[in-house]
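Trainee: Take a look and give me a structure for this.
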Amino acid sequence: MVRRARGGDLEAFEAVTRRFQQMAFGSALALVRDLQQAEDIVQETFVAAWFSLPTLAEPAAFPGWLRSIVRHQAHRVLRQKRPVVVPLDQAEAVPAAEIRPDQRLEHKQRMAPVQDAITRLPAPLREVVTLFYVHECSQQDVATFLGLPVTTVNTRLHAARRQLKRRMLTMVKETLEANQLPDDFAKRIGWIVRTRERVIEARFDPASLPDVLTELSVSDAARRRAVIVQVVQRLEDGIVRGVATAPADALAPGMTVLSAGRHGQTPVSREAFGRLVRLLASSSPEPASPPKLLETGIKVIDVTCPLVAGGTVAIAGEFRSGTIVLVEELVRRLSGGAERLSMFAFVTPPTSSMQEMWQKEGYSEGTVGAVQTFYLLREEGPWTVEGLAALTGVDVVIRLSRDQAERRVWPPVDPLTSRSRLFDDPIAPAEHAVLASRVRNTLALLETTPYGYQPAVDDRIITRAEKLRRFLGQPFFSAERYTHRPGAIVPLAESLRVCGEILDGVHDDVPTEAFFFTGGIDEIRSQGTSPAVTSP
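Mentor: The predicted structure is shown next:
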């Protein structure tokens, strides 16, 4: 198995990792005497081992060779261990621990006798004891890993038992078993197969593919560092695509990657966004010239921020504004067509429950037909005008507004801050651009100024603006199980015609409530003639 792993066989290396990971953990724990640090050391050990395995001349020497890497990593940690002193006046800025103080105290009190008993053992006995009581490794396993005769291992275990009371020995066993390495550790190791500047593609076990927005750690052994990469897309055949969170010119195929199993914390800077769009969407054909509108059947998008066939779109969603739902809806509507589209969705790190719902609903995380999707971690706080302007390199920017969602307008697209380059092209239909401008100007009347002042406007105009805002909402196919309303497709021609008619007063006779969360004008008028019309 070592010989196969040395030749680049990841499955063979996984088997070797499973064989030795617990013994490596016990050896590291004996040296650093800290459970968390021991786990980190073992992860770094196996990443370094995979990268250096081709240099191992004799496969039979693997146990001792691996142990030397464990010791090297452990001594490096011990050399770097320095107490961090924080002035008392800065104490409030120190982040709170994940574990409550009372829980931490209880844990330390429970662990103290165990750690004390292990610490008091001589180093050779301490190492053998920790190995023997992690997953109950056999004496032969311990002997193989430490490079000792079995008789010596038995002698050291016997000596350790004499020095530890049976009750304490039981506590040691329980403590180590409760803090063992996860069984899927070996499957979290992959390797880079393609690179392009800050973008990488890495291969993992397809059954243990890293989630979107989680972090990968790339082992750059030459510079003795780890490069953090954020997963933005999951592809087929065990491949994920990721973006380095900082400039990284040394990434290359063959480098080892470890799935950290945690969500990223560093958003991609808006300054770097335009370049990433070019790198990630390069597989798509160049947008047609002149640009051609890609019809979605979603009224607010087709009218105020139309998509470009073969182009790119940034979905700038605020917290709890339905970004993932809109992405999924666009995938469902457009993936079966011939025109390609690349979507870049800015989202907050998903919670565990949100991740479960994501997987349960089968939301897309890569390329589906003509549509490819990339998820990027967005910066905290609301989207500002400056922040939206920094999203360069895309044809369309769709901003999802929390305010719109609170007004119960779904999808909560903000027509005032969303934009499309289709309207900047002189060849684009002028009538559409003029109507979109009229729509935005009218909807702006519903917004108050920063000082709370609202200009005096004819009540009929305000009523039409409210009808227009409601008309631009509609049910989605991807949300039917939650809204209990069938998804609606409204052709572009009808959306434009009805918006113009609302602005011109053609539908002044229809109650405002009839425009709430509906499809085309026929449905709206049928609701307007019902005996009672109320908002859900």
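
Trainee: mind checking the backbone torsions on the residue sitting nearest the centre point of the chain?
Mentor: The residue lying closest to the centre of the chain (C-alpha atoms, centre = their mean) is L213, at 1.3 Å. Note on L213: backbone dihedrals following degrees, to the nearest 10 are phi 80, psi 0.

Trainee: is it true that it touches R378?
Mentor: No. L213 is beyond contact range of R378, at 10.4 Å (criterion: C-beta atoms under 8 Å). To be clear about C-beta, it is placed using only N, CA and C from the backbone, and glycine gets the same treatment.

Trainee: Report the set of residues contacting both of these two.
Mentor: Both L213 and R378 are contacted by V347, under the criterion C-beta atoms under 8 Å, 6 or more residues apart in numbering.

Trainee: starting at the chain centroid, how far to the longest strand that the chain contains?
Mentor: Scanning the chain for the longest strand, with DSSP state E as the assignment, gives strand 225-234. Mean-position distance between strand 225-234 and its chain equals 10 Å (C-alpha atoms, centre = their mean, to the nearest Å).

Trainee: Tell me which strands that strand pairs with, and in which orientation.
Mentor: Here strand 225-234 is paired, per DSSP bridges, with strand 214-220 (antiparallel), strand 239-244 (antiparallel).

Trainee: ok now do the residue nearest to the centre of the chain, which residues does it touch?
Mentor: L213 makes contact with Q230, V231, V232, H263, G264, V347, P349, P350, Y375, L377, according to C-beta under 8 Å, 6+ apart.

Trainee: quick check, nearest of these to F13?
Mentor: For the contacts of L213, the residue nearest F13 by C-beta to C-beta is V231; the value is 21.4 Å.

Trainee: That closest one - how many residues pack around it?
Mentor: 24 (other C-beta atoms under 10 Å).

Trainee: Bridging across strands, which residues link to it?
Mentor: Applying DSSP bridges to V231 yields these beta-bridge partners: G242.

Trainee: what about the nearest residue to E339 once chain neighbours are set aside, how many neighbours?
Mentor: Excluding its sequence neighbours, the residue lying closest to E339 (C-beta to C-beta, 6 or more residues apart in numbering) is A309, at 4.0 Å. By other C-beta under 10 Å, 22 other residues sit near A309.

Trainee: what's the answer for the one 4 residues further on, then?
Mentor: The burial metric for V313, expressed as a neighbour count using other C-beta under 10 Å, is 24.

Trainee: Quick check: it is in a strand.
Mentor: Yes. Applying DSSP: H, G, I helix; E, B strand; the rest coil, one finds V313 inside a strand.

Trainee: isn't it right next to F344, touching?
Mentor: Yes. Using C-beta under 8 Å as the test, V313 is close enough to F344 to be in contact (7.1 Å).

Trainee: any residues touching the longest strand of the chain, and which ones?
Mentor: With contacts defined as C-beta under 8 Å, 6+ apart, strand 225-234 is touched by 200, 202, 209-220, 240-246, 248, 250-251, 257, 264, 266, 268, 280, 365-367, 372-377.

Trainee: Please repeat the previous calculation with a cut-off of 6 Å.
Mentor: Strand 225-234 is contacted from outside by 200, 209-210, 212, 214-218, 220, 240-245, 248, 264, 365-366, 374-375, using C-beta atoms under 6 Å, 6 or more residues apart in numbering.
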